[in-house]
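Engineer: Curious how this folds, go ahead:
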Amino acid sequence: MLDLEQLAESEELFDGHYKLMYPLSTDGATADIWLAVDTNTVDESESDEEQGLKVAIKIYRPQNALDIEGIQRFRNEFKVVFNCQHSNLLRPMHFGIFKETPYLILPYCQRGSAELLTGQFRHNKDIWKFIFDVISGLNYLHTNNPPIIHQDLKPANILIGNNNSYMITDFGTCEIMNHGNDESCGTMAYMAPERFHDGYIPIPQSDIWAFGAMLYELITEKVPFGEGGGSIQFQESMAWDFPVGISDKITKIVISCLDYDPYRRPTAAQLLKACANSNEMSGNVGLNIRVDRLRENANQIWIGTMSFFEKAYANIGNVVKTNYKDITHLNCKDCARVIRLRIVPYLKMVGVAMFILVVVIGLFILRICYNEKDTHYSYAEGNSLTEIASKPDSTLKTALLLKDKSQRTLKVAYNMLEGCQLFEANKTAKEADDCARRAQYLLQIGGLEGSEVFEDLEKIRATSKKIQARCQIRYKLHKSMELQVHKKHN
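Structural biologist: Below is the predicted model:
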């Protein structure tokens, strides 16, 4: 068996390029998780190895020398969610074997897991944020084709990202719906009642029960049915004990998720809808949900409009084709009657579809115009750059505000880069660069091009471009690693 502590103390690298730092978790049933530095990402100009990309390595700990089933489950953790792309899923980036020991590479989340928040949820908006993030990831898994059942939802398997988002991880017990049957996997305290029945087949409703148990624990500091989980739910009635201040909507969600009958529990999609209809969520999360719903409704209107056109076109063609010979033998009055009864209804349908299409296009144009206006004026309360530049005091004050905003945005981008959230880091770095660029333009108009603020903004833009470049390098590195794994499997 591989001695990880001895390997960490020695100069030997894990699988040739990972420097083990210290264990993050040794409580797992089948694996230890270590913090490591990928030495391939250390710049030649940097002598300190710890400046490289930090990752979490999940290293398999075999139960015995012939633990074939455990090794296969560890391998499945990588394969089942390899193609899943969602901001609330923390999936493994690489699978490898070092000295006959399988391991997984995952992004490092320095904020830890939701276990640290047990009993800390006292504000409804924080609870809604947790519900929205976790259920978004769960809904992605359950609506996958075929659906993926996690089977081990618990606070320890919900990690907190550098941007305070919640991400589901540990897919070692995942099962593809109708392809697996394993009632023994998972953590007992979060296992639904049906999982203790003979002949259990994984279903999404079991994940919903586990989510309810997890949410109840985070709010009240205790699991709803003790360590026995759903196995004792039918034996005793539950006296719900929520702290004062928790809203009725949240308590109803928890209780409905913990319903003994799996088919009376809400689906992940229904819980997302409940989040959208809640007025207790923080502004950004609520706005994102409503924008997604607007986009979904617009897509449905577009699909309906296209079906209107297709149906009307087909029916008009059929009418003309079927009645062409008859119409040639009719007088003008009869022809008008045929047109009024057979063709005009479909023309009305086309008119309605055209009206809906014009309204939708108009809404999108208005939104684009609003976003354009917001980009240029939000920071200056509606004043143009030229108007601001005509007032020296206002010019410098606004430029300093933009500088402060770009610095904070740049710090967020750097934290995202450290957490291996490459796409978000690149996007945030671009926002910082754009903010600094607008501040420079403002100073140029106001004749303050040689000021210290202008030079500081230039440094911010240079740092932003450096972060974007590092994001691209690491993205290419990850892609090459995935390609190597894909070639090995083929």
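Engineer: can you list contacts of stretch 242-249?
Structural biologist: Contacts with stretch 242-249, where a contact means Cβ atoms under 8 Å, 6 or more residues apart in numbering, come from R122, N124, I127, I219, T220, T251, V254, A274, S278, E280. For every residue, glycine as well, the C-beta is placed using N, CA and C.
Engineer: Tell me how far the nearest residue to I149 once chain neighbours are set aside lies from S165.
Structural biologist: Nearest non-adjacent residue to I149, counting by Cβ to Cβ, 6 or more residues apart in numbering: P202, 4.1 Å away. P202 is 26 Å from S165, where distance means Cβ to Cβ, to the nearest Å.
Engineer: between these two, who's got more neighbours?
Structural biologist: Higher neighbour count among P202 and S165: P202, with 26 against 20, using other Cβ atoms under 10 Å.
Engineer: Helix, strand, or coil at the more buried one?
Structural biologist: Following DSSP: H, G, I helix; E, B strand; the rest coil, P202 is assigned to coil.
Engineer: Would you agree it is in contact with I148?
Structural biologist: No. Using Cβ atoms under 8 Å as the test, P202 is too far from I148 to be in contact (9.3 Å).
Engineer: And the helix or strand encompassing F74, how far out from the chain middle?
Structural biologist: F74 belongs to helix 68-80 when elements are defined using DSSP states H and E. Offset of helix 68-80 from its chain centre (Cα atoms, centre = their mean, to the nearest Å): 24 Å.
Engineer: what number of residues lie near A469?
Structural biologist: Using other Cβ under 10 Å, A469 has 12 other residues around it.
Engineer: Roughly how far does it sit from D43?
Structural biologist: The gap separating A469 from D43 is 11 Å, by Cβ to Cβ.
Engineer: that older thread, before we move on, could you check phi and psi at the residue nearest to I149?
Structural biologist: Main-chain dihedrals, P202, degrees, to the nearest 10: phi -50, psi 130.
Engineer: same thing with the one 3 residues further on?
Structural biologist: According to degrees, to the nearest 10, the main-chain angles of Q205 amount to phi -60, psi -30.
Engineer: which residue sits closest to it, ignoring its sequence neighbours?
Structural biologist: Among residues not flanking Q205 along the chain, P262 sits closest, at 3.6 Å (Cβ to Cβ, 6+ apart).
Engineer: Correct me if wrong: the one you found contacts G212.
Structural biologist: No. Taking contacts as Cβ under 8 Å, P262 lies outside contact range of G212: 11.6 Å.
Engineer: Pick out whichever of the two has more residues nearby.
Structural biologist: Taking neighbours as other Cβ under 10 Å, P262 and G212 compare with G212 leading, 24 against 17.
Engineer: Helix or strand: which one has the more buried one?
Structural biologist: With DSSP H and E as the criterion, G212 is inside helix 204-220.
Engineer: can you pull out the helices in the stretch 151-300 of the chain?
Structural biologist: Under the criterion DSSP state H, counting those that start in this stretch, helices of the stretch 151-300 of the chain are mapped to 204-220, 248-257, 268-277, 283-328.
Engineer: tell me which helix or strand of the chain sits lowest on mean pLDDT?
Structural biologist: Counting by mean pLDDT, DSSP states H and E, the chain has its least confident helix or strand at helix 385-389, which shows a mean of 45.
Engineer: From the contact counts, what lies against the helix or strand following it?
Structural biologist: Using DSSP H and E, the helix or strand that follows helix 385-389 in sequence is helix 392-418. If contacts are counted by 3 or more Cβ pairs under 8 Å, 6 or more residues apart in numbering; DSSP states H and E, helix 392-418 sits against helix 385-389, helix 422-445, helix 452-489.
Engineer: Identify the residues contacting the second one?
Structural biologist: Contact with helix 422-445 is made by 87, 163, 376, 385-386, 388-389, 395, 398-399, 402-403, 405-407, 409-410, 412-414, 416-417, 449, 451, 453-454, 457-458, 460-461, 464-465, 467-468, 471-472, 474-475, 478, as judged by Cβ under 8 Å, 6+ apart.
Engineer: Buried only: go through those for me.
Structural biologist: Neighbour counting by 16 or more other Cβ atoms under 10 Å classes 87, 385, 388-389, 395, 398-399, 402-403, 405-407, 409-410, 412-414, 416-417, 453-454, 457, 460-461, 464, 467-468, 471, 474, 478 among the contacts of helix 422-445 as buried.
Engineer: returning to what we had before: who are the packing partners of the helix holding F74?
Structural biologist: The contact analysis (3+ Cβ pairs under 8 Å, 6+ apart) places helix 68-80 against strand 53-60, strand 101-107.
Engineer: Would you convert those strands into CSV that also reports distance to N144?
Structural biologist: Compiled in CSV, these are given as follows (distance: least, Cβ to Cβ, whole Å):
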stretch, distance to N144
strand 53-60, 22
strand 101-107, 20
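Engineer: Format these as TSV; extra columns: distance to A192, mean neighbour count and mean pLDDT.
Structural biologist: Converted to TSV, these look like this (distance: least, Cβ to Cβ, whole Å; neighbours: other Cβ atoms under 10 Å; pLDDT from 0 to 100):
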stretch	distance to A192	mean neighbour count	mean pLDDT
strand 53-60	26	22	90
strand 101-107	27	21	90
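Engineer: The closest residue to Y263 other than its chain neighbours and I253, how far apart?
Structural biologist: Computed as Cβ to Cβ, 6+ apart, the closest residue to Y263 that is not its neighbour in sequence is Q205, at 6.7 Å. Applying Cβ to Cβ, the value for Q205 to I253 is 15 Å.
Engineer: out of the contacts of stretch 242-249, which are buried?
Structural biologist: By neighbour count, with 16+ other Cβ under 10 Å, these hold N124, I127, I219, T220, V254, A274, S278 as buried.
Engineer: Skip the chain neighbours and tell me the closest residue to P23.
Structural biologist: W34 (5.3 Å).
Engineer: Tell me the strands beside whatever helix or strand the one you found lives in, with direction?
Structural biologist: Using DSSP H and E, W34 sits within strand 31-38. Neighbouring strands of strand 31-38 in its sheet, by DSSP bridges, are strand 18-25 (antiparallel), strand 53-60 (antiparallel).
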